[in-house]
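> quick check, what structure comes out for this input:
(chains A, B, C and D)
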4 protein chains.
Amino acid sequence: MSVLWYTEWLSSHEAHIHGILELIFDGRTKYQRVTIARTGSFGLALFLDGFIQSAEYDEFIYHESLVHPAMITYGNPRKVLIIGGGEGATLREVLKYESVERVVMVDIDEELVNLCKKYLPEWHEGAFDDPRAELVFADGRKFIEETEEKFDVIILDVTDPVKGTPGVLLYTKEFYEKVKERLNPGGVIVTQATSLRYYERVFAVIHNTVASVFPIARRYKVFVPSFYSDWGFVLGSLGRDPLEVPREEVESKLARLSLRFLDAEQFRFLFALPRFLAERLSKYKEISTLSNPVEI
Amino acid sequence: MSVLWYTEWLSSHEAHIHGILELIFDGRTKYQRVTIARTGSFGLALFLDGFIQSAEYDEFIYHESLVHPAMITYGNPRKVLIIGGGEGATLREVLKYESVERVVMVDIDEELVNLCKKYLPEWHEGAFDDPRAELVFADGRKFIEETEEKFDVIILDVTDPVKGTPGVLLYTKEFYEKVKERLNPGGVIVTQATSLRYYERVFAVIHNTVASVFPIARRYKVFVPSFYSDWGFVLGSLGRDPLEVPREEVESKLARLSLRFLDAEQFRFLFALPRFLAERLSKYKEISTLSNPVEI
Amino acid sequence: MSVLWYTEWLSSHEAHIHGILELIFDGRTKYQRVTIARTGSFGLALFLDGFIQSAEYDEFIYHESLVHPAMITYGNPRKVLIIGGGEGATLREVLKYESVERVVMVDIDEELVNLCKKYLPEWHEGAFDDPRAELVFADGRKFIEETEEKFDVIILDVTDPVKGTPGVLLYTKEFYEKVKERLNPGGVIVTQATSLRYYERVFAVIHNTVASVFPIARRYKVFVPSFYSDWGFVLGSLGRDPLEVPREEVESKLARLSLRFLDAEQFRFLFALPRFLAERLSKYKEISTLSNPVEI
Amino acid sequence: MSVLWYTEWLSSHEAHIHGILELIFDGRTKYQRVTIARTGSFGLALFLDGFIQSAEYDEFIYHESLVHPAMITYGNPRKVLIIGGGEGATLREVLKYESVERVVMVDIDEELVNLCKKYLPEWHEGAFDDPRAELVFADGRKFIEETEEKFDVIILDVTDPVKGTPGVLLYTKEFYEKVKERLNPGGVIVTQATSLRYYERVFAVIHNTVASVFPIARRYKVFVPSFYSDWGFVLGSLGRDPLEVPREEVESKLARLSLRFLDAEQFRFLFALPRFLAERLSKYKEISTLSNPVEI
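Numbers count the residues shown, from 1 in each chain, chains lettered A, B, ... in the order given. Predicted coordinates for the structure are as follows:
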């Protein structure tokens, strides 16, 4: 029986507990408490402020599901922006596209990125050294406001909108409007959108908010075992609708990427919400704004 | 913070903990420890010997996924046999078909069934009182061996093959051969087949075993939040292949049943295993036999 | 490994967890959540609102230490009042004295007392049926204010002064003044005074408060294994000082009571606080009053 | 609510859980898993193989109770041997005596001692640098067998006799006979003797075993909050009986040491076991031998 346990408190009535075989790093950066540990449940894992961020066992399910729907919907992206994504696995997935010429990854927490570089090589697989990648340590919101560059795809791989943290602002209408301005014609954005079980309302509101800014908005989800829940994403597009990308195109594009999770069939099922969930989500009509942001 | 917790120990390194708002029943029947409690996580729930069996929040996902693929694959079943299924929810789903004339439900644990009748009315919804239903308290294996009746669909809703319990025998080639003898032409069976994450090998072996007895065998899975994992099922058919039932037929049949989870799209999704999982499962070649049974 | 656990949260960083072999009762009375369970750690146990109250393994340590110092300090008490003490074990200890002619036990929670009568016979050992005992279901504070009877010894076996509960008032100067009025000349009171480790300040303040009302006030403590801590008591006397009762008298009195824990040597050591603890406690100078009560 | 927890499993039904505010070190030496952490419950703490060894909050209770009864019983010890005691706090207490000219401390685990030197300065307080102290990294049993030196006091501060570990041998009659040979006339030994609650039988058997080798053997105990239990010790003497050291001598000796826990009254209290415990212990008649060692 393990003696050291990482406990994720989902509520005052529910927790997941992970036995720690070896604690590799535990400390605070300027922004968060970082714990890197070898778990008995999911292998090597990164925890931030009480919650698992990604685990060796299945990080590819999350990262493939985050990155590829947006990339394929756009078509042949050349310039990509990632906000967040400290582990480097989002960057790794983006760099799999031959069409990609330049990726800017903006993360606020330099210490975290350095810890990931050192302790999580299976995540980034050397992506940080790719000459197409530029790493910027800055506040994502400020970067979006100040840069004059435009991108084909923008990926928001940021922490949940936890009350009292600056992450809250990255899920507002005002922020998405700034993001939209940084897109090339036909551009696509995608954001992680929290857990469908624990933060159902947050997921619904993020979808509503993206839909209030982009002509096309699609919510989708995937089951990530180490999150013990379906995980949500929202995609916004100025061009194509991901549901209308021909299956053959999805198939041929994915075939070139050597993925572990996503294939054309799973791609389609990402977007299929079961009835009871669609009904539950339809209750939430509000959007997130600076003056009334959605929060966890 | 909850003070009373039900802990599901998945391994010596992993557990789910459920805060108990109200403990409604805790005791031992002749066969098992039964705990019925109002949880903060998933509402009213039934636990047997350390593991959640079903919860108010999502029992319909499990029960719809267990029952309907087999029923629809058969076509218009008239006679159905359920082994296990103490809560009465499997029975409830079967009775939704107008074609059904007779259902026999065989459960070994009369005390458990009585507890479910009393405390879990949302599960059975009165199914036990339907004149088409016959309830038999007996050992499922013995019943199968001794009955001379034949059925269109047989549903095995029994506990996992935990080492040292009689449930182990209900997943062997020898048992499936007896079951096959009790099917009408074109008959279909389905068995629950444990967790894809915690008992990956068990799931694979059950599939192999069913495939060694039935001309058509299909494994499938669904994410059940309160199981914190994808849950496995295996269907064996003497007639149609579930993958070849026309989508229109699936749609029109499901439309008549007023379900909460399953629709034609999810029906198809059940059978689509992601690549990494298919690869992991393909490693297991063995089948379960009386002399060498698969066990948890 | 137990599956059902009772968790005592001492703080957000510390808990004791008790595996439940059998949950005997869990429910709410008008006043509190009552859980009676067979634990693997301490046998049968009573828990109220998140904390163990007493356990089969060692309830006698608590109850002997609560009752006998006050009784022996008084001498030969004839009339005794108990406020609280729902389990009946305090009553049991009081009734061991041949000198006792009448005991009034006042508990606010009739449902709790009935549960204890039914499920915890090892605690009360029939004490409720003793003709010398009168059981009153009433608010202890009100009873003290309204009764005109006087007593030789008054025992306050009430729940901790948890913020927001009426128990807070039973540890104030104003209350102790009322209690004092109900004592015969030379009368003695004793109150349980919380955990020395978890509520060091509360213990010190209760002592200060009793000392502000009674000419003699003595704090003492005993280690109770199922409380995982030294437990505190405060005795107030209008007559003798417990430290000046001759050892021979203590010995001869205790000898007649057939106790399991207390003897003349332990009696004396109850009052001996180690240096570091005395120093820590000496920091607290305040007393508890209605307008500024001490609280947990 | 803490997210990282150290869990001490006392049995399959009981555990103490310590929230970790900061994990300072977690790793394996050649001999054991060492975890050093800042806990919310007891401050900085050292854990070995699943159990707390000592904590900032109260290590002095354990170390003062281990060292001083033996030292004072001897009188004015000049030469002292410590087996174990990796943290350096036992050494620290021994060095408080002006009479002490030489202390040899023998610990098997050099890596552990170096971790303690680095991370637990509050424990050793520089004791390792005292010119009277010699530190030897060796197996304690071998050292005892091979050294030709004799000592006035020998202190056995070693890990519990956990089944399958070499520690088991350090609690046997054969070992105590070797130890006795290394004592000067009137010499005294003391050993830690596990938890009175969790390992009652082990404590009793250690006492029996020491009593089978030494003319005088005394068991004693002290409550250590971070052990959540009374902790046991056994003292063996070739000369004086600790119960017969005059109180004035105890007082004047302790007065010179500037202790935090032990005074003359607590010194006497150490040896006073309450009745129910004495009765429980009296059931165990056996001694520990190489061929039939006592084990946890």
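> residues in contact with stretch A:289-296: which ones?
A:160-163, A:168-169, A:171-174, A:194, A:199, A:201-202, A:205-206, A:209, A:286, A:288 (Cβ atoms under 8 Å, 6 or more residues apart in numbering or on different chains). Heads up, the C-betas are built off the backbone N, CA and C, glycines and all.
> near chain D, from those residues?
Taking Cβ under 8 Å from any Cβ of the partner chain as the test, chain D is in contact with none of the contacts of stretch A:289-296.
> mark which of these are buried, thanks.
Neighbour counting by 16 or more other Cβ atoms under 10 Å in any protein chain shown classes A:160-161, A:168-169, A:171-174, A:194, A:199, A:202, A:205-206, A:209, A:288 among the contacts of stretch A:289-296 as buried.
> from these, which land in strands?
Cross-referencing those against strands under DSSP state E gives residue A:194.
> and the pLDDT for residue A:166?
pLDDT for residue A:166: 87.
> and for residue A:267, the neighbour number?
Residues lying near residue A:267 (other Cβ atoms under 10 Å in any protein chain shown) number 22.
> just the pLDDT at the closest residue in space to it that isn't next to it in sequence, thanks.
Among residues not flanking residue A:267 along the chain, residue A:250 sits closest, at 5.2 Å (Cβ to Cβ, 6 or more residues apart in numbering or on different chains). The model reports residue A:250 with a pLDDT of 98.
> now do stretch A:82-94: distance from first to last residue.
End-to-end distance for stretch A:82-94: 9 Å, by Cα to Cα, to the nearest Å.
> tell me which strands and helices the longest helix that chain A contains is in contact with?
As assigned by DSSP state H, the longest helix anywhere in chain A is helix A:59-74. Packing contacts for helix A:59-74, counted by 3 or more Cβ pairs under 8 Å, 6 or more residues apart in numbering or on different chains; DSSP states H and E, involve helix A:89-94, strand A:151-157, strand A:183-195, strand A:216-224, strand A:229-237, helix A:247-255, helix A:264-270.
> and chain B, is the fourth one touching that?
Yes: Strand A:216-224 lies within reach of chain B by Cβ under 8 Å from any Cβ, at residue A:223.
> partners of that strand, with directions?
Applying DSSP bridges, strand A:216-224 is found paired with strand A:229-237 (antiparallel).
> got a list of what residue A:218 touches?
By Cβ under 8 Å, 6+ apart, residue A:218 lies in contact with A:234, A:235, A:237, A:241, A:242, A:243, A:271.
> what sits against residue A:41?
Residue A:41 makes contacts with A:18, A:19, A:55, A:57, A:226, B:10, B:11, B:13, B:14, as judged by Cβ under 8 Å, 6+ apart.
> does it count as helix, strand or coil?
coil (DSSP: H, G, I helix; E, B strand; the rest coil).
> likewise for the one 3 residues further on?
When the structure is reduced to helix, strand and coil (three-state DSSP), residue A:44 reads as strand.
> bridging residues for the closest residue to chain C within the stretch 51-200 of chain A?
At 16.8 Å from chain C, residue A:51 is the closest residue in the stretch 51-200 of chain A, using Cβ to the nearest Cβ. Legend: beta-bridge partners of residue A:51 under DSSP bridges are residue A:48.
> that one and residue A:8 touch, don't they?
Yes: here residue A:51 lies in contact with residue A:8, judged by Cβ atoms under 8 Å, at a distance of 5.5 Å.
> near chain B, which residues of chain A show up?
Contact residues (Cβ under 8 Å from any Cβ) of chain A with chain B: A:1-2, A:10-19, A:21, A:39-41, A:60-61, A:197, A:223, A:225, A:228-230, A:259-263, A:265-266, A:269, A:272, A:274-276.
> buried ones in stretch A:30-42?
For stretch A:30-42, a neighbour-count test (16+ other Cβ under 10 Å) marks A:31, A:32, A:33, A:34, A:35, A:36, A:37, A:39, A:40, A:41, A:42 as buried.
> wait, what's in contact with the third one?
Read it as residue A:33. Counted by Cβ under 8 Å, 6+ apart, residue A:33 has contacts A:26, A:27, A:48, A:49, A:50.
> let's verify the nearest residue to the second one once chain neighbours are set aside: helix, strand, or coil?
Okay, so that is residue A:27. In this structure, residue A:27 finds its nearest non-sequential neighbour in residue A:34, 6.2 Å apart by Cβ to Cβ, 6+ apart. Following three-state DSSP, we place residue A:34 in the strand state.
> by how many degrees do the longest helix of chain A and strand A:183-195 diverge?
Interaxial angle, helix A:59-74 versus strand A:183-195 (axes from the mean of the first three to the mean of the last three Cα atoms, to 10 degrees): 150 degrees.
> what strands line up against the helix or strand following helix A:59-74, and which way round?
Using DSSP states H and E, the next helix or strand after helix A:59-74 towards the C-terminus is strand A:79-84. Based on DSSP bridges, the pairing partners of strand A:79-84 within the sheet are strand A:102-107 (parallel), strand A:151-157 (parallel).
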